[in-house]
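Novice: here's my sequence, what's the structure:
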Amino acid sequence: ITSYNGYLRLRVNNQGGNYLNAPVKLDDRHFGIFPLIVLVGNYRIVLEHYVSVSESSEDGLYIVKFREDLWKNQLNPKKQVDRQTLMIALQNVQAIFIRATFVDHVTEASLSDVSMDIGIAQNSSLALSNPAIGVEHCDCPAPHSGPSCQHPADGYCRKKKQKYLDSENNLDLVGTSVPCSCHSHSNVCDKETCRCMECQHNTTGDFCENCAPGFYGNARKGSEFDCQKCACPSLEHSYSKSCYATTHNDYGYVCDQCRRGHAGIRCEKCVVGYFGDPLRDGKPCQPCACNKFGSVSDDCDSMTGQCHCGAGVTGRDCSECRPRYALIACDLGCTRELMIKADRVESFLLSHNFTGLVPAPWGRLSQIKNLSKVLDANFARLFMNDNETSSNEFSIKIGVTKKRRNDTQTTKFLAQYRYNFALDVNKSVSDLHNKSEHFKKEAENMWLKIT
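Specialist: All right, here's what the predicted structure looks like:
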């Protein structure tokens, strides 16, 4: 806006046509039809500056003044541009378009020596001796500032109406100054977007409307005590980066980013695999870190951290042996050979497919072994009983013989009976012995095949 009544300087050069390696002669027909400069300001104001034939420059140097009577309104050419319209356009210049060619046939066009005057304070080190005539310097009351009171003052920002682009009043394009809306947590905001800066009282957000990470509450109340520090679980020892306000518990907040190993609405508990009492001793939950060789699980007592140790093992993490116990490796002594064989068997089982394979007849072997024992016992008992029976019967027969010494037929019968009985006993003994040996041999063969 301080460029009002100042100058825009530029140089345009065209090459081509019939003027080889020389500036092109300007075509007078283009003057008055196409503008030399187009100025776009505050979104909808488009102003044009035309150069007459008499003002055309052979060397391409043009000096254009920012004065309302030298510009035309593109949207309404018949309406005279007033000072207010030009000032509003200069208040927010969005684009300046400069004509590059003045003839139909151009092979090269260049733009150089572009400059634009602005007014500055006389006590500035950049100030020149030429006074900026036409540039005003107003004494603006709050909430305005700037040479023409066109800017919001500190603590204020520019507020525009809804559908301000459709307003007939060009001043609506500039807007009005309103206080920064930061919920009393800041007095500084961007003068164009109204976004708050330097939020205080543990607040954050475009309008200081949220509590900063690690704090909870309602920042919109407008008090310096709106946001309180999260106690997760205490103010001195907090193990959560953030929390949020709630009405569903007695504390009024919930810690939502508990450190690893912590749990609970205030991170006051330890999860499985960790131990400690953050609420009482102020220390974070520690990993159980149970010794994998001495413990039976990864869990431990949630308060003391004592791991669940195996037999003969002690220590908080089960890393020590009890008195009169020692940790012996599996590869020491005779155990080593057994473990090697076990590893081979395991490797063999894992490297073969036993689908559909008939399992070893362990039950049958056991039955054969038991039957063998039963047969041995029965054989022994039968042998003893047969001897006793044989003796008794023999005595009876002898008595009969004595009474009937003269009975020849009886004598022959007894002799034949003793002979037949002896043959039967010998055959039974032989059969039992053979069966027992057969069962034992079969059991031994099957055992050897399995092992």
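Novice: in stretch 198-213, what's buried?
Specialist: Neighbour-count burial for stretch 198-213, counted by 16 or more other Cβ atoms under 10 Å, picks out 199, 201-212. Quick note: C-beta positions are derived from backbone N, CA and C, even for glycine.
Novice: got it, and stretch 37-51?
Specialist: Buried residues in stretch 37-51 (16+ other Cβ under 10 Å): 37, 38, 39, 40, 41, 42, 45, 46, 47, 48, 49, 51.
Novice: ok, stretch 113-125 next?
Specialist: Those would be 117, 119, for stretch 113-125 by 16+ other Cβ under 10 Å.
Novice: cool, and stretch 133-148?
Specialist: 135, 140, 143, 144, 145, 147, 148.
Novice: and for stretch 275-291?
Specialist: Using 16+ other Cβ under 10 Å as the test for burial, stretch 275-291 gives 275, 276, 277, 278, 284, 285, 287, 288, 289, 290, 291.
Novice: ok, so of those, who is nearest residue 90?
Specialist: residue 284 (61.8 Å; Cβ to Cβ).
Novice: was I right to think the closest one contacts residue 278?
Specialist: Yes - contact status for residue 284 versus residue 278: in contact at 6.2 Å, counting by Cβ atoms under 8 Å.
Novice: which residues are in contact with each of the two?
Specialist: Common neighbours of residue 284 and residue 278, using Cβ atoms under 8 Å, 6 or more residues apart in numbering, are 237, 239, 262.
Novice: so how far is residue 341 from residue 348?
Specialist: Distance, residue 348 to residue 341, by Cβ to Cβ, to the nearest Å: 10 Å.
Novice: and what of residue 312?
Specialist: Look at residue 312 and residue 341: by Cβ to Cβ, they are 25 Å apart.
Novice: who has more neighbours, those two?
Specialist: residue 312 (13 against 10; other Cβ atoms under 10 Å).
Novice: for stretch 299-313, which outside residues touch it?
Specialist: The contact list for stretch 299-313 (Cβ under 8 Å, 6+ apart) reads 269-270, 272-277, 286, 288, 290-291, 294-297, 315-322, 325.
Novice: please apply the same query to stretch 193-210.
Specialist: 157-159, 178, 180-183, 185-186, 188-190, 211-215, 219-220, 223-229.
Novice: list buried residues within those residues.
Specialist: 157-158, 180-183, 185-186, 189, 211-212, 214-215, 219-220, 226-228.
Novice: quick check: the most centrally placed residue in the chain vs residue 249, distance?
Specialist: Nearest to the mean C-alpha position of the chain, counting by Cα atoms, centre = their mean, stands residue 257 at 12.7 Å. As judged by Cβ to Cβ, residue 257 and residue 249 stand 17 Å apart.
Novice: surely residue 13 touches residue 109?
Specialist: Yes - Residue 13 is within contact range of residue 109, at 7.2 Å (criterion: Cβ under 8 Å).
Novice: residue 134 is in contact with residue 4, isn't it?
Specialist: Yes - at 5.5 Å, residue 134 and residue 4 qualify as touching, with contact defined as Cβ under 8 Å.
Novice: quick check: neighbours shared by the two?
Specialist: residue 67.
Novice: show the buried residues in the contacts of stretch 299-313.
Specialist: In these, burial by neighbour count holds for 269-270, 273-277, 288, 290-291, 294-295, 315-319, counting by 16+ other Cβ under 10 Å.
Novice: can you say which of the shared contacts of residue 284 and residue 278 are buried?
Specialist: So, by 16+ other Cβ under 10 Å, the buried ones in the shared contacts of residue 284 and residue 278 are 239, 262.
Novice: may I see the shared contacts of residue 284 and residue 278 organised as JSON lines, with secondary structure, distance to residue 57 and pLDDT added?
Specialist: Output for the shared contacts of residue 284 and residue 278, formatted as JSON lines (DSSP: H, G, I helix; E, B strand; the rest coil; distance: Cβ to Cβ, whole Å; pLDDT from 0 to 100):
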{"residue": "237", "secondary structure": "coil", "distance to residue 57": "78", "pLDDT": "91"}
{"residue": "239", "secondary structure": "coil", "distance to residue 57": "75", "pLDDT": "93"}
{"residue": "262", "secondary structure": "strand", "distance to residue 57": "78", "pLDDT": "96"}
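Novice: tell me which of the shared contacts of residue 284 and residue 278 is nearest to residue 72?
Specialist: residue 239 (69.5 Å).
Novice: surely the closest one and residue 257 touch.
Specialist: No - Residue 239 lies out of contact with residue 257 (Cβ under 8 Å); the separation is 9.1 Å.
Novice: need phi/psi at residue 202.
Specialist: Per-residue torsions, residue 202: phi 60, psi 40 (degrees, to the nearest 10).
Novice: from residue 260, how far out is it?
Specialist: Note on residue 202: its distance to residue 260, by Cβ to Cβ, is 25 Å.
Novice: and the buried residues of stretch 198-213, which of them are in strands?
Specialist: Among those, the ones falling in strands (DSSP state E) are 203, 204, 210, 211.
Novice: dig out what the last one forms beta bridges with.
Specialist: Beta bridges link residue 211 to residue 203 when assigned by DSSP bridges.
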